[in-house]
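Q: Quick one, what's the 3D model for this:
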Amino acid sequence: MFPLFWVSFLTLPTAVGAPPHAQPLPLPDPRFQYTLSVLTGAPTAPTRTLWVKPARGKRPVQAITLSGPAAQDPTHEVVARDVNFDGQLDLMLTRNRGLVNQTYSYWLYDTSTQRFVFNAAMSSALAGYQITFDAATQHIVTAARFSCCEHETRTYALRPTGALQLVHTKTDKVMAQPR
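A: Below is the predicted model of the structure:
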């Protein structure tokens, strides 16, 4: 008989920087260097890690797990864009891609912690819609087609807390004309 020892990989030391096989992800954000791990996981559910390293200073590297389309094609499915109108680029990670609408995970840049923070409320409320960010009005507009004859547009304002406030809803229903 020999004794068994269980070790959790969560307790093992982690690297400070990206591993040697990481590839750069060119995003238009001079604040950070973005690098990607190799693709891992099952072919039906691949994942990879996005490392966000500050371009200056010695702040720790942030690791964000990518899945779905963002993991498979990060050059096109990871987008740096100011989605909360604070002048700082945030991250949009594609979770699901449909024929017309797609779903993103929104990671908003928090200037106090100098890290990206996942915004579950925004990710849930905007899921499955075509999205337009209107910087002039500071509104987020969603559009959806539920069928050939029913379309809906919603306009949101972003509260200082990061929560969305529904400002306006418009639904168009097209009915067949009698002959």
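
Q: Strands of this structure, start to end?
A: For the chain, the strands defined by DSSP state E occupy 23-24, 32-36, 47-54, 62-67, 78-81, 90-97, 102-110, 115-118, 130-134, 139-145, 150-158, 164-173.

Q: what does the first one contact?
A: Residues outside strand 23-24 that contact it (CB atoms under 8 Å, 6 or more residues apart in numbering): 33-36. Placement of C-beta: from N, CA and C, glycine included.

Q: got TSV for the strands of the chain, with mean neighbour count, mean pLDDT and distance to residue 124 too?
A: Formatted as TSV, the strands of the chain follow (neighbours: other CB atoms under 10 Å; pLDDT from 0 to 100; distance: least, CB to CB, whole Å):
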stretch	mean neighbour count	mean pLDDT	distance to residue 124
strand 23-24	12	86	31
strand 32-36	20	91	25
strand 47-54	19	91	21
strand 62-67	17	91	16
strand 78-81	18	94	18
strand 90-97	20	90	11
strand 102-110	21	92	9
strand 115-118	16	95	11
strand 130-134	14	93	13
strand 139-145	18	91	12
strand 150-158	17	92	12
strand 164-173	12	93	10
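
Q: State which helix of the chain is the longest.
A: helix 120-125 (DSSP state H).

Q: in it, what counts as buried?
A: 122-123, 125 (16 or more other CB atoms under 10 Å).

Q: tell me the contacts of residue 89?
A: 27-29, 31, 80-82, 109.

Q: and what of residue 62?
A: 51-52, 115-116.

Q: what's the longest helix of the chain in contact with?
A: Here helix 120-125 has contacts from 83, 95, 103-106, 108, 156, 162-164, using CB under 8 Å, 6+ apart.

Q: from the contacts of residue 62, which is closest to residue 68?
A: Proximity of the contacts of residue 62 to residue 68 was ranked by CB to CB; the top entry is residue 116 with 17.7 Å.

Q: Please name the nearest non-neighbouring residue to that closest one.
A: residue 107 (4.0 Å; CB to CB, 6 or more residues apart in numbering).

Q: Hmm, that neighbour is touching residue 64, no?
A: Yes - using CB atoms under 8 Å, residue 107 makes contact with residue 64 at a distance of 6.6 Å.
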